[in-house]
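1. quick one, fold the following:
(one chain, ligands or ions: 1)
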Amino acid sequence: MSSPAKPDLADVLPRLNGMMREDDLWGDVAGYIPQLATVDSAQFGIAVVTADGQCHVAGDTTVPFSVQSITKVFTLAIALGRSGDQLWHRVGREPSGRAFNSIVQLEQEQGRPRNPFINAGAIVTTDEVLGNREPREALAEIMRFVREAAGTDDIHINEAVAASETDFGHRNFALAHFLKSYGNLNNAPELTLGTYFHHCAMEMTVQQLAMAGRFLIEAPEVPRLVAPSRIRRLNALMLTCGHYDGSGDFAYRVGLPGKSGVGGGILAIVPGRASIAVWSPGLNRYGNSQKGTEALALLARHMDWSIF
Ligand SMILES: NC(=O)CC[C@H](N)C(=O)O
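-> Residues are numbered from 1 along each chain as shown. Okay, the predicted model is just below:
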């Protein structure tokens, strides 16, 4: 992409969308959740919301997609709001260097997941958000938070995706039972997982997701949902752990805090400046969006947005 003197998102995003469609190397959609396996991989959408609230979009921007693990950022923000630093007794803050659904490390480290973004860690933060409540109360709190952050009530949970994941969630059940056996799950595995599968099954368009991520920009003009010190820490965790065993590669290529989901979405934050959502359902070998990562690498370079 050639660099004009002052890059203009209204011009850059459509060109980026065109570039993403130049070849067929879309990657493979997630196969282990049957409802997600039916999605056409040849789709791409991007939205950038700047700190002042302006939104630019290009590509497949009207399709609500399964946000999946990106919701782990919102549940972590809520869990920290409820429990503060107590949460870190139950879950660590180090990159795992393993697949998002790996089990082996959980046994080696006696049931304390490495970080809140791998599945085991997100099951713990979900358990913390659940507390002593009914799953529907915890889900209502999560939806309230996301809708308020996005500035719209038109964000919903896809029940068919949640059911599909429950039916085929053997690994997540294994992780939850493992956590329980180490005393690191307060609720019954099916209750915590029911809550987890449902928040993962939330759907958003790229514009809604970029808006929902705006609170992570940390700028004076952004509505404050979370204290600035906590925002910095959420971003630090996104940078170091947000892409699982592909986190180092993402930091190297893109240079921004980001969180991916197996639905093919990525939320990336340009601290002080912008919130970016990309979606392309084909995944790379780490389970992160193939074209989404590529697009973010190009955009960050073109806009000079890397934090490094
Ligand atoms: N990486 C992801 O998006 C995984 C989330 C998915 N709900 C799972 O538990 O497997």
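2. please make it C-alpha for all contacts and neighbour counts, starting now.
-> Noted.
3. show me what from this protein comes close to the ligand.
-> Applying CA under 6 Å from any ligand atom, we find that the chain lies next to the ligand at 68-69, 100, 119, 197, 200, 261-262.
4. residues in contact with the most centrally placed residue in the chain?
-> By CA atoms, centre = their mean, the mean C-alpha position of the chain lies nearest to residue 70, the distance being 1.6 Å. By CA atoms under 8 Å, 6 or more residues apart in numbering, the contact list for residue 70 reads 200, 259-261, 265-267.
5. in helices, which of these fall?
-> The helices, defined by DSSP state H, take in residue 200 from those.
6. what is the burial count for the closest residue to residue 218 other than its chain neighbours?
-> Of all residues not flanking residue 218 in the chain, residue 272 sits nearest, at 5.5 Å (CA to CA, 6 or more residues apart in numbering). By the criterion of other CA atoms under 10 Å, residue 272 has 16 neighbours.
7. check residue 18 too.
-> Other residues near residue 18 number 12, with proximity taken as other CA under 10 Å.
8. rewinding a little: can I get the residues of the chain next to the ligand in JSON lines with neighbour count?
-> What follows is the residues of the chain next to the ligand, written out as JSON lines (neighbours: other CA atoms under 10 Å):
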{"residue": "68", "neighbour count": "23"}
{"residue": "69", "neighbour count": "30"}
{"residue": "100", "neighbour count": "22"}
{"residue": "119", "neighbour count": "24"}
{"residue": "197", "neighbour count": "25"}
{"residue": "200", "neighbour count": "23"}
{"residue": "261", "neighbour count": "25"}
{"residue": "262", "neighbour count": "28"}
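9. can you tell me which of those lies nearest to residue 299?
-> Residue 299 lies nearest to residue 261 out of the residues of the chain next to the ligand, by CA to CA, at 19.5 Å.
10. what pLDDT does the closest one get?
-> Looking at residue 261, its pLDDT reads 98.
11. that older thread, three-state assignment of the residue nearest to the centre of the chain?
-> helix (DSSP: H, G, I helix; E, B strand; the rest coil).
12. state the distance from it to residue 199.
-> Distance, residue 70 to residue 199, using CA to CA, to the nearest Å: 10 Å.
13. for residue 136, same thing?
-> Using CA to CA, residue 136 is found at 11 Å from residue 199.
14. those two: who's more crowded?
-> Each of residue 136 and residue 199 has its neighbours counted (other CA under 10 Å); residue 199 has more, 29 against 13.
15. please name the residues that touch the more buried one.
-> 68, 71, 139, 142, 157.
16. what's in contact with the host helix or strand of the fourth one?
-> Element membership for residue 142 (DSSP states H and E) is helix 135-150. By CA under 8 Å, 6+ apart, the list of residues contacting helix 135-150 from outside reads 74-75, 78, 129-130, 153-156, 191-192, 194-195, 198-199, 208-215, 225.
17. just the buried residues of those residues.
-> Among the contacts of helix 135-150, those scoring as buried are 74-75, 78, 129-130, 155, 192, 194-195, 198-199, 208-215 (criterion: 16 or more other CA atoms under 10 Å).
18. check contacts around the residue of the stretch 101-250 of the chain found nearest the ligand.
-> Nearest residue of the stretch 101-250 of the chain to the ligand (CA to the nearest ligand atom) works out as residue 200 at 5.1 Å. For residue 200, the contact set (CA under 8 Å, 6+ apart) comprises 66-72, 162.
19. and the residue nearest to residue 218, helix, strand or coil?
-> Assignment for residue 272 (three-state DSSP): coil.
20. can you pull the buried residues of the helix holding residue 142?
-> So for helix 135-150, counting by 16+ other CA under 10 Å, buried means 135, 138-139, 141-143, 145-147, 149-150.
21. now the stretch 1-150 of the chain, which segments are flagged as low pLDDT?
-> Along the stretch 1-150 of the chain, the parts satisfying pLDDT under 70 run over 1-6.
22. for the ligand, what's the nearest residue on it?
-> Taking CA to the nearest ligand atom, the stretch 1-150 of the chain has residue 69 as its residue nearest the ligand, at 3.6 Å.
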